[in-house]
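Chemist: Task: produce atomic coordinates for the following.
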Amino acid sequence: MGRAQEPITRIAEARALEQEDFAKALPVRLRGVVTWVGPTSFNFQDESAGGYVNLRLARSRGLWQGDEAVVARLRPGAVVEVEGVTARGGFAPPILPRTLRVLGEEPLPAARPATPGRFFTGADNGRRAEVRGVVQGFRTEKGLTTLIMNANPGSFLARVPERELPQPAALVDAEVRVTGPLQARFNTRGELVLPVVALVSSGDLVVEKAAPGAPFDAPKLPLAHLSSFRPEPLDAHRLRIEGTVIYADADGLLFLQDGVTGVQARRTAAPQAGDHAEVGDRVELAGFLDGTRHIRGMKEAVVRKIGRSSGPPPLEIEPEEILAINARAAAAGLIAEPGDFDGRLIRFEARLVDVVDPVAGQPRLLLATKSATIVATLASGAEAVETLRPGSRLAVTGIALLTHDVGSNPLKPSVPDGVALLLRNQDDLTVLEAPSWWTLRRTVIALAAVAAALGAAVLYVWLLRRQVGRQVTLLAGEMRARREGMVEFQATLRERNRLAANLHDTLLQTVGGIGFQLDACQVATEQGEAARAAHLEIARRMVEHAQGELRGSVWALRALPVNGRAFPEALRELVGHVAQGRPAHIELRIAEGLPMVPELVAGNLLLMSQEALHNALKHGQPGRVEIVVEIEGRDLLLTIHDDGAGFTPGEEEGPAQGHFGVAGMKERVDRLAGHLEIESAPGQGTTVRARVPLEKAD
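Modeler: Below you'll find the predicted structure:
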């Protein structure tokens, strides 16, 4: 048995494992200082690195065996010993504890300044660090205040208990230094989305430079130059812009237009008094530069109304022309003139193709222009699209939103490859021409209905034919079973009659004669020994004769079925058996190339031949019997001729007199759809000729 693996004792060693080794549940025994405590996890740090202990995952996997009271008293600064295993987590590898011991208390480890290369990749995840940045906004929920930070240029989050930071709005636009263990927001691929600094208290946040002033004291920039070239870069502080509101919704999304330039902006989640804007308002926005789109905008903005107007009129322009203007500018390496049109109010005519599934309750219209397809989203007034029919010619007014193709060449400029449209309400839709009632959709529906009816008819016919076929098969099977039963009954009846006739003509008469001889023996006893012996000899011979007759009948019952033998072989065996002990010469001739005779034909012809031979030998007393088998066309011809006494056809004894031979032969041949002829005359012998079609044998 192998030696148990020694546990890992340094946090850095656990973090240095390969990705595939994290999930091997390698044993660890780590000692460190707790730097942050959450509801189901905590960070701790030793002299080598910082780590992350996941209690929730350990409990769900049944690993945790420790004292819950110890967990409840856990605080930053506690020195703990964690015994458990490694695991693979959502981003940095966690430790899953089995037991946890508190060994004492120590000061929190010193925090070192974060370096961008390690901070924005998550390499120092779990270690205490200092990070500087500008507070650009905040969100408060579930007892935590999250500060939205910009480290110029990278963004990150700082989280602190809500009770420790009662007035976060006072920090917006201030330069601060935050200290705490580094954590991460990550995606389901295990990739870092945003770094996070976990603050324990307000003491972990130091304001190094207060906000420059009131929001609207920020430097003012024209919309067209929000992120244009300048010899000195903009910092992460607030900027101020001015324009006319062309769109505003309850979620804080705004579009401003000034001249030919439009800008997208988002208001702060903590609006100030009077921070409200409507379409047509002339406003100032104070906020931070938003670089999340290909085109710069504003985020975390506050609004100040400075006037009122009817708003800029929409520009009459086709989407194709917008794309062409931008493409020419990109090819020349110049700024698009008179503008790129993103975020600007435009108007054009289009055909309604369809109304597609809504997103967030907002219907989307699929529009077709001369050479482009546009998706237009209706922000409010969803009931307006219920009356629209595909094929309608519409005049649409909305805010142009350009989509960009960055491409694989990083040296190429970002070129718009499509135009989407944001419709503000139902007033941005005007029906210029209603479609014909007989639309493509209705045509498709009609064709589909016809196709469905035709398909149903075809299916019905197919099912009907299948049902009829099934019933026919059942009926045929029933008829075949009844026919076979009737044939079997008739055959059994005929065999019983033939056997009764044979027994009557042979065995019964012989037994009667034996009885007569025995009676004569009794009378002859009085006449002397010689007379009695003579009668006994005659009785003995009659018994031997009866044995022979009975043996022949039994042989016929057992041997006549073909049982897989060829017809010629079975016929030779029959002739050889019948010829034994007979004075007549029996000759058998079978034509060469005789085809395979079906068993049904062979069996009946054998029984017919046996009957004909017995009749000839018993009643005709012939000297010669000739049997010939040949093929004429598609028929098998069997002829049995003897030179015996003959008889007059029609005057022979039949079933009424207890003789079934001739009737049995005819029945057997008729059963095979054949024809039987018997030619005879007194003193001229008898010829029995049977013609049977082989192709109708089944």
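Chemist: residue ranges of the helices in the stretch 501-650 of the chain, please?
Modeler: Per DSSP state H, counting those that start in this stretch, the stretch 501-650 of the chain carries helices over the ranges 509-524, 529-559, 567-579, 599-615.
Chemist: What is the third one packed up against?
Modeler: Applying 3 or more CB pairs under 8 Å, 6 or more residues apart in numbering; DSSP states H and E, one finds that helix 567-579 contacts helix 529-559, strand 585-590, helix 599-615, strand 624-632. For glycine as for every other residue, the C-beta is placed from the backbone atoms N, C-alpha and C.
Chemist: now with 10 Å?
Modeler: When contacts are defined as 3 or more CB pairs under 10 Å, 6 or more residues apart in numbering; DSSP states H and E, helix 567-579 sits against helix 529-559, strand 585-590, helix 599-615, strand 624-632, strand 635-642.
Chemist: before we move on, what about the last one?
Modeler: If you count contacts as 3+ CB pairs under 10 Å, 6+ apart, helix 599-615 packs onto helix 440-502, helix 529-559, helix 567-579, strand 624-632, strand 635-642, helix 661-671, strand 675-680, strand 686-693.
Chemist: and it, average pLDDT?
Modeler: Here helix 599-615 scores 85 as its mean pLDDT.
Chemist: so how far is it from its chain's centroid?
Modeler: 65 Å (CA atoms, centre = their mean, to the nearest Å).
Chemist: So which bits of that helix are buried?
Modeler: Buried residues in helix 599-615, counted by 16 or more other CB atoms under 10 Å: 599, 601-615.
Chemist: measure stretch 140-147 end to end?
Modeler: One end of stretch 140-147 to the other measures 9 Å (CA to CA, to the nearest Å).
Chemist: That one: which residues count as buried?
Modeler: Applying 16+ other CB under 10 Å to stretch 140-147 flags 144-147 as buried.
Chemist: Quick one: these as a markdown table, columns for secondary structure too.
Modeler: A markdown table is the format used below for these (DSSP: H, G, I helix; E, B strand; the rest coil):
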| residue | secondary structure |
| --- | --- |
| 144 | strand |
| 145 | strand |
| 146 | strand |
| 147 | strand |
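Chemist: can you tell me which of the helices and strands packed on helix 599-615 the model trusts least?
Modeler: If these are sorted by mean pLDDT, helix 529-559 sits at the bottom with a mean of 62.
Chemist: can you map out the helices along the stretch 1-150 of the chain?
Modeler: Using DSSP H, counting those that start in this stretch, the helices of the stretch 1-150 of the chain run over residues 11-15, 19-22, 55-60, 68-72, 116-119.
Chemist: of all the ones you listed, which lies closest to residue 167?
Modeler: In terms of CB to CB, the element of those nearest to residue 167 is helix 116-119, at 27.1 Å.
Chemist: Mind listing what's buried along the closest one?
Modeler: Buried residues in helix 116-119, counted by 16+ other CB under 10 Å: residue 119.
Chemist: elements contacting that helix?
Modeler: Contact here means 3+ CB pairs under 10 Å, 6+ apart; on that basis helix 116-119 packs against strand 128-141, strand 192-198.
Chemist: closest one to residue 51 among these?
Modeler: Once the helices and strands packed on helix 116-119 are compared by CB to CB, strand 128-141 is nearest, at 11.8 Å.
Chemist: quick one: average pLDDT of the closest one?
Modeler: The average of the pLDDT scores along strand 128-141 is 95.
Chemist: One more: stretch 167-181?
Modeler: 95.
Chemist: same deal with stretch 215-225?
Modeler: Average pLDDT, stretch 215-225: 91.
Chemist: ok now it, how far from the chain's centre?
Modeler: On CA atoms, centre = their mean, the centre of stretch 215-225 falls 57 Å from that of its chain.
Chemist: Measure how buried the residue nearest to residue 28 when sequence neighbours are not counted is and give me the count.
Modeler: Leaving aside its sequence neighbours, residue 28 sits nearest to residue 8 (CB to CB, 6 or more residues apart in numbering; 4.5 Å). Neighbours of residue 8 under the rule other CB atoms under 10 Å: 20.
Chemist: same thing with residue 154?
Modeler: For residue 154, using other CB under 10 Å, the count is 15.
Chemist: do residue 256 as well
Modeler: The tally of other residues near residue 256 (other CB under 10 Å) stands at 29.
Chemist: who's in contact with the residue nearest to it when sequence neighbours are not counted?
Modeler: Among residues not flanking residue 256 along the chain, residue 243 sits closest, at 3.3 Å (CB to CB, 6+ apart). Residues near residue 243 by CB atoms under 10 Å, 6 or more residues apart in numbering: 222-223, 254-259, 261-263, 265, 281-285, 312, 343.
Chemist: Report the buried members of those residues.
Modeler: Burial by neighbour count, 16+ other CB under 10 Å: within these this picks out 223, 254-258, 261-263, 265, 281-285, 312, 343.
Chemist: Surely residue 299 and residue 137 touch.
Modeler: Yes. Counting by CB atoms under 10 Å, residue 137 is a contact partner of residue 299 at 7.3 Å.
Chemist: Mutual contacts of those two, please.
Modeler: 148, 266, 268, 287-288.
Chemist: For residue 365, state which of these is nearest.
Modeler: residue 266 (24.6 Å).
Chemist: what are the pairing partners of the helix or strand harbouring that closest one, and which direction each?
Modeler: Per DSSP states H and E, residue 266 falls inside strand 261-267. If you go by DSSP bridges, strand 261-267 pairs up with strand 253-258 (antiparallel), strand 297-308 (parallel).
Chemist: how about the CA coordinates for the longest one, as PDB?
Modeler: Taking only C-alpha atoms (Å, rounded to 0.1, in the frame of the first residue of the first chain), the coordinates of strand 297-308 have been written out as PDB:
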ATOM      1  CA  GLY A 297     -20.500  58.100 -24.700                       C
ATOM      2  CA  MET A 298     -21.200  59.100 -21.100                       C
ATOM      3  CA  LYS A 299     -21.900  57.100 -18.000                       C
ATOM      4  CA  GLU A 300     -22.900  57.800 -14.400                       C
ATOM      5  CA  ALA A 301     -24.100  61.200 -15.500                       C
ATOM      6  CA  VAL A 302     -26.200  63.800 -13.700                       C
ATOM      7  CA  VAL A 303     -28.600  66.100 -15.700                       C
ATOM      8  CA  ARG A 304     -29.300  69.800 -15.500                       C
ATOM      9  CA  LYS A 305     -32.000  71.300 -17.700                       C
ATOM     10  CA  ILE A 306     -31.100  74.600 -19.300                       C
ATOM     11  CA  GLY A 307     -33.800  75.200 -21.800                       C
ATOM     12  CA  ARG A 308     -36.600  73.800 -23.900                       C
END
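Chemist: and the angle from it to strand 128-141?
Modeler: Counting by axes from the mean of the first three to the mean of the last three CA atoms, to 10 degrees, strand 297-308 points 40 degrees away from the direction of strand 128-141.
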